[in-house]
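Engineer: Provided below for reference: sequence and predicted model.
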Amino acid sequence: MEVKKDILWRVYLCFIGMVLFGVVILAKVFILQNVEGNYWRSMADSLHTSYVSLDAERGTIYSEEGRMLSTSIPYFDLRIDFAADGLRDKNGQVFKENVDSLSGYLSRLFGDRTTAEYKQLLREGYKSKDRYFLLKRNVPFNQYQELRTFPMFRLGPNKGGLIAETRNKRINPFKLLANRTIGLSRENAQNVGLERTYDAYLKGVTGKRLMRRIAGGTFVPVEGYDIEPEDGHDVNTTLDVNMQDIVENALMNMMVENEAEHGTCILMEVKTGKIKAIANLGRQPDGSYFEDMNYALQVGEPGSTFKLATVISVLEDRYTTMNGMVDLNYGRWQVGRRTVYDSEPHHRTNVTVKQAFELSSNVGMAKLAYQYYSKQPNNFVAHLKKLHLDKHTGIDLEGEGWPVIKTTASKTWSATSLPWMAFGYEVLISPLQTCMLYNAVANNGKMMKPYLVNNIMEYGQVQKQFEPTVVMDSICSRSTLKQVKKMLEGVVLEGTAKKLWTPYYSFAGKTGTALVANGKRGYADKIYQSSFAGYFPANDPQFTCVVVIKNKAHAARFYGASVAGPVFREVADKLYAIAVEKQKPLKTTVRLDSMLALKNGKGSELKEILTTLHLPWQGPAVTSTNWVSASVNEQQVALEPVKQLKGAVPDVKGMGLKDALYLLENAGLRVEIRGSGKVIAQSIPGGSKISRDQTIVIELNT
């Protein structure tokens, strides 16, 4: 008995243990399914599904007149789901019936494989039951549209198996024009230009697509689980394509002619600060030119165009006037161990400040600065800073170089820094800063911030508007402004730019020629930077234009008036003709030729034509149903009604073919036509009774 009890006790214990273990398992299953189920199911799904990004359609960049400067074009990667139900139903009937014709269509569309090769490719994909079979990459939109009409594919994705993945490519329709300013949108590199500055607006909001992994490690999209991307905003710029073309061509012609290294040309609207055009050309290894860098934003020694800041300083402090005297010392002046030279030899000594400026005398400007500021150089520097030459322009482009205006605290300041700064050396500013300064003079002293974008648009609605920004209400006094304007005009009339003068309109400006250092070789290679800064027309400035060109070593031509000046003049000539000169309306009496070719026709149409052309006419009231003849009578068009009797042959003599056919065919006549022009004869006279199935012959002559 004791043995039996011992055995039963052990059996009961094992049974209870098994029951408890089962209860634990059931409890764990319940927890996994109902408490932790969502978590583990998501973990399982994560091994087989994942989200991929769906790029938003990037916004378009437009010119001010509405032309596309940069836009996205869709391209497609085409794949086939060979496990689609429609392709597998009825033992693959759809595929077998369409594979031959589809192969032929694909071969003709793409031209990269023969019909037989495409047929073999499709059969291999079908045999493998590949759910994500790659057919073709980078298919343009027009080919994709055509491909959707092909056999099998026209049945839709479920029956035809076609899967299209959209990819956008960025293009600049005008290619070279303002290419660097508009910029580039690149997948694996940093954007540049406006594409970079306004990237946050242009790129939109990225979407998501759920992808499921299938056999072979391939991922296919899961229908109904897409988060659609939000398209980017459009950017409307201040650039004008026609002006940009003029600026680009003018700069290109000189660059090629002089084999220059690089150059820039900036066109700014005086009253607003809008950049209407900006060209940047650099010489490539093969000798061609391309918009490779934004040279308008790069700082360098400006040369003689900087002399405007010098004369503004001395005039504003009232140390002298434009009629004050300065000794040019025959174009050579020694300061310490260095010597200032005028760029062109001359025999001038005592001249006015105005004449020194017109002659672009380095000696004259250096003496003025040294005479009046040598004891307090920072007073001169303060004027340069007041003119914002030590600050960024604030233009909406990345990469603007930082200007350098020395002070007495600078490590490189020396006894000769002040006189050399006076004629544009030992300072670093960008061509755009020069443009900003000259534009302020043109704008009666008001300095405007340069900008490139008018507004940001979303679905045709303005989301953000940019307005002209005033940096300074006045850069100097009215007296100083009046004098510097005369001096800038004098450069063209009497000074270094007088060969650029034109009798058709006036312009003002300043030439510049700066010797540029070439790395460790210093100035030995005689590399010169030619520049011209000015505005036009001088009496009512509309545009400011700055041209800066870096020439090749030992260039035959390098003076600002010979290299940069002609670019300015070409731009000004063309813009004055199309954008500035306001044509006066002709005040002449319209005289009509009695031999004027006129055709009879519907009264309302003739009246509309004559009214649109502002031609005098007379006649009875015309309606949309009556017909008239037209002739010139006493210097006006006379309209006379032509009666068309019901049931009678219409009189179509003098009408054009369109009107004649309309009347004759509506009357039930068959018409034969001979000749061209207007009707001069008809085989059945107008007003005759119409017979059944009657044919009429009309003769036309111009």
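Structural biologist: Looks like it came in fine.
Engineer: which element is residue 18 on?
Structural biologist: helix 2-30 (DSSP states H and E).
Engineer: typo on my end, it should be residue 664
Structural biologist: helix 657-666.
Engineer: again with residue 168
Structural biologist: strand 162-171.
Engineer: just residue 98 next, same as before
Structural biologist: Counting by DSSP H and E, residue 98 is found in helix 85-110.
Engineer: Packing partners of that helix?
Structural biologist: helix 115-128, helix 141-147, helix 157-160 (3 or more C-beta pairs under 8 Å, 6 or more residues apart in numbering; DSSP states H and E). For the C-beta atoms, the positions are set from N, CA and C on the backbone; glycine is no exception.
Engineer: and the angle from that helix to helix 115-128?
Structural biologist: Orientation of helix 85-110 against helix 115-128 (axes from the mean of the first three to the mean of the last three C-alpha atoms, to 10 degrees) gives an angle of 160 degrees.
Engineer: For helix 85-110, buried residues please.
Structural biologist: By 16 or more other C-beta atoms under 10 Å, the buried positions in helix 85-110 come out as 86-88, 94-95, 98-99, 102-107.
Engineer: before we move on, back to that, name the helices or strands packed onto the helix holding residue 664?
Structural biologist: On a contact count with 3+ C-beta pairs under 8 Å, 6+ apart, helix 657-666 meets strand 670-675, strand 678-682, strand 695-701.
Engineer: Between all of the buried residues of helix 85-110, which two are separated the most?
Structural biologist: 88 and 107 (25.1 Å; C-beta to C-beta).
Engineer: Just tell me which of the helices and strands packed on helix 85-110 ends up closest to residue 295.
Structural biologist: That would be helix 141-147 among these, by C-beta to C-beta, at 36.1 Å.
Engineer: The residue nearest to residue 444 when sequence neighbours are not counted is in what secondary structure piece?
Structural biologist: If you skip the residues right next to it in sequence, residue 444 has residue 481 as its closest partner in space, 6.8 Å away by C-beta to C-beta, 6 or more residues apart in numbering. Per DSSP H and E, residue 481 falls inside helix 478-493.
Engineer: so how far is the very next helix or strand once past that helix off the chain centroid?
Structural biologist: Next helix or strand after helix 478-493 toward the C-terminus (DSSP H and E): strand 508-516. Counting by C-alpha atoms, centre = their mean, to the nearest Å, strand 508-516 is centred 30 Å from the centre of its parent chain.
Engineer: name the helices or strands packed onto strand 508-516?
Structural biologist: helix 431-442, helix 478-493, strand 527-536, helix 560-575.
Engineer: could those go into a markdown table alongside distance to residue 300?
Structural biologist: Output for the helices and strands packed on strand 508-516, formatted as a markdown table (distance: least, C-beta to C-beta, whole Å):
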| stretch | distance to residue 300 |
| --- | --- |
| helix 431-442 | 8 |
| helix 478-493 | 22 |
| strand 527-536 | 7 |
| helix 560-575 | 14 |
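Engineer: Of the ones you listed, which is nearest residue 265?
Structural biologist: Nearest to residue 265, of all the helices and strands packed on strand 508-516, is helix 560-575, at 6.0 Å by C-beta to C-beta.
Engineer: Touching the closest one from outside, list them.
Structural biologist: For helix 560-575, the external contacting residues (C-beta atoms under 8 Å, 6 or more residues apart in numbering) are 243, 246-247, 250-251, 253-254, 258, 260, 265, 267, 303-305, 496-497, 499-500, 502, 505, 507, 509, 511-513, 530-532, 534, 536, 542-543, 545, 547-549, 551, 557.
Engineer: and with 6 Å instead?
Structural biologist: Contact partners of helix 560-575, identified using C-beta atoms under 6 Å, 6 or more residues apart in numbering, comprise 246-247, 250-251, 254, 258, 265, 496-497, 500, 507, 511-513, 530-532, 536, 545, 547, 549, 557.
Engineer: now these: which count as buried?
Structural biologist: Applying 16+ other C-beta under 10 Å to those flags 246-247, 250-251, 254, 258, 265, 496-497, 500, 507, 511-513, 530-532, 536, 545, 547, 549 as buried.
Engineer: With just CA atoms, put stretch 522-541 into PDB.
Structural biologist: Output of stretch 522-541 as PDB, limited to C-alpha atoms (Å, rounded to 0.1, in the frame of the first residue of the first chain):
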ATOM      1  CA  GLY A 522      53.400  88.000 -58.200                       C
ATOM      2  CA  TYR A 523      52.800  90.700 -60.900                       C
ATOM      3  CA  ALA A 524      55.500  89.400 -63.300                       C
ATOM      4  CA  ASP A 525      52.900  87.900 -65.700                       C
ATOM      5  CA  LYS A 526      51.300  91.200 -66.400                       C
ATOM      6  CA  ILE A 527      47.700  89.900 -65.800                       C
ATOM      7  CA  TYR A 528      45.300  92.800 -65.900                       C
ATOM      8  CA  GLN A 529      41.700  93.000 -64.700                       C
ATOM      9  CA  SER A 530      39.600  95.300 -67.000                       C
ATOM     10  CA  SER A 531      36.400  96.900 -65.600                       C
ATOM     11  CA  PHE A 532      33.700  99.400 -66.400                       C
ATOM     12  CA  ALA A 533      31.000 100.500 -64.000                       C
ATOM     13  CA  GLY A 534      28.200 102.900 -65.100                       C
ATOM     14  CA  TYR A 535      24.600 103.600 -65.700                       C
ATOM     15  CA  PHE A 536      22.300 104.800 -68.500                       C
ATOM     16  CA  PRO A 537      20.700 107.000 -69.700                       C
ATOM     17  CA  ALA A 538      22.600 109.600 -67.700                       C
ATOM     18  CA  ASN A 539      19.700 112.000 -67.500                       C
ATOM     19  CA  ASP A 540      17.200 109.400 -66.300                       C
ATOM     20  CA  PRO A 541      19.100 106.300 -65.200                       C
END
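Engineer: Check the offset of it from the chain's centre.
Structural biologist: So, by C-alpha atoms, centre = their mean, the centroid of stretch 522-541 is 26 Å from its chain's centroid.
Engineer: May I see the buried residues of that stretch?
Structural biologist: 527-538, 541.
Engineer: can you name the two of the residues you listed that are farthest apart?
Structural biologist: The span of the buried residues of stretch 522-541, defined through C-beta to C-beta, is set by 527 and 537 at 34.1 Å.
Engineer: Counting neighbours, what do you get for residue 413?
Structural biologist: Per other C-beta atoms under 10 Å, the neighbour tally for residue 413 reads 16.
Engineer: For it, give its distance to residue 536.
Structural biologist: Distance from residue 413 to residue 536, counting by C-beta to C-beta, to the nearest Å: 38 Å.
Engineer: next one: residue 499
Structural biologist: According to C-beta to C-beta, residue 499 stands 16 Å off from residue 536.
Engineer: Repeat that for residue 616.
Structural biologist: Distance, residue 616 to residue 536, by C-beta to C-beta: 41 Å.
Engineer: next one: residue 204
Structural biologist: Residue 204 is 41 Å from residue 536, by C-beta to C-beta.
Engineer: just residue 565 next, same as before
Structural biologist: Applying C-beta to C-beta, the value for residue 565 to residue 536 is 13 Å.
Engineer: Show me the shaky parts of the stretch 351-500 of the chain.
Structural biologist: For the stretch 351-500 of the chain, applying pLDDT under 70 flags no range at all.
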